[in-house]
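Enquirer: Need coordinates for the following:
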Amino acid sequence: MGRKAHFKRDEFIDAAMRMVAEKGPSALTVSSLASGMKAAIGSVYHRFPSRDVLLAQLWIRIVESFQRGFLEALGHDGLSAALYTVEWVREHPEEARVLLLYRRDELVSGPWPEHLKEDAARLTQEMDAGIRCFARKQLGSLSDESLRRAAFALTDVPLAAVRPHLERGEQPPGFVSQLVQETYMAVMRIGR
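Expert: All right, here's what the predicted structure looks like:
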């Protein structure tokens, strides 16, 4: 009969997220995670074969969380999706710092297990499909220009608006939503 696990997989991912959000990816080691949680190093390795796998699972979990809400908002209208990013950052500051301040390759440098590669590819395909559908409906085209305009209005503008606040460790102030809305409306008006 095995010992009862003191920590669940998600607890390790949550602790890793807090550590990366606060100190950056380089601060996270299996040893620092185990020490911070007062867990045996073997407990971490039992659940995650490497630091890279832990970080890959963290990244995928955050992307799935953000993207689910973003695509749902995009199903209503583009402005809701653009504004969703600002609200998500306000409601999920740690996740936002990890997702928006660090590139995927800064988090995970080693090879990903096949199932995680498949998850990452699926997420990319879902986001691309959402933006393509939006471009087709709102801009009447899937041309490079339409796709770039859609991505700019839906993702580039909101990310640029929140990133400086994340870098300073502060909540995006209320006027950021207004700036995103005004920019979205201008970009989409010109695109028609």
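Enquirer: in the helix ranked longest in the chain, what's buried?
Expert: Identified as the longest helix of the chain according to DSSP state H is helix 51-76. By neighbour count on 16 or more other Cβ atoms under 10 Å, the buried set for helix 51-76 is 51-63, 66-67, 69-71, 73-74. Yep, even glycine has a C-beta here, placed from its N, CA and C like the rest.
Enquirer: Does that helix pack against any helices or strands, and if so which?
Expert: With contacts taken as 3 or more Cβ pairs under 8 Å, 6 or more residues apart in numbering; DSSP states H and E, helix 51-76 sits against helix 9-23, helix 30-37, helix 78-91, helix 93-101, helix 104-107, helix 114-134.
Enquirer: Could you say which one of the ones you listed comes nearest to Pro173?
Expert: Closest of the helices and strands packed on helix 51-76 to Pro173 is helix 78-91, at 9.8 Å (criterion: Cβ to Cβ).
Enquirer: and the angle for the closest one with helix 51-76?
Expert: Interaxial angle, helix 78-91 versus helix 51-76 (axes from the mean of the first three to the mean of the last three Cα atoms, to 10 degrees): 140 degrees.
Enquirer: what stretches of the chain score poorly on pLDDT?
Expert: The chain contains residues with pLDDT under 70 at 1-5, 191-192.
Enquirer: hmm, 50 instead?
Expert: For the chain, the stretches flagged by pLDDT under 50 are 1-3.
Enquirer: Go through stretch 177-192 and flag the buried ones.
Expert: Result for stretch 177-192 [16+ other Cβ under 10 Å]: buried residues 177, 179-180, 183-184, 187-188, 191.
Enquirer: For that stretch, give me every contacting residue.
Expert: The contact list for stretch 177-192 (Cβ atoms under 8 Å, 6 or more residues apart in numbering) reads 78-79, 82-83, 85-87, 138-139, 146, 149, 152-154, 157-158, 161.
Enquirer: Among those residues, name the buried ones.
Expert: Buried subset of the contacts of stretch 177-192 (neighbour count, 16+ other Cβ under 10 Å): 78-79, 82-83, 85-86, 138-139, 146, 149, 152-154, 157-158, 161.
Enquirer: what's the closest of those to Asp14?
Expert: Using Cβ to Cβ, Thr85 is the member of those that lies nearest Asp14, at 22.1 Å.
Enquirer: how near is that closest one to Gln125?
Expert: To Gln125, Thr85 is 20 Å away according to Cβ to Cβ, to the nearest Å.
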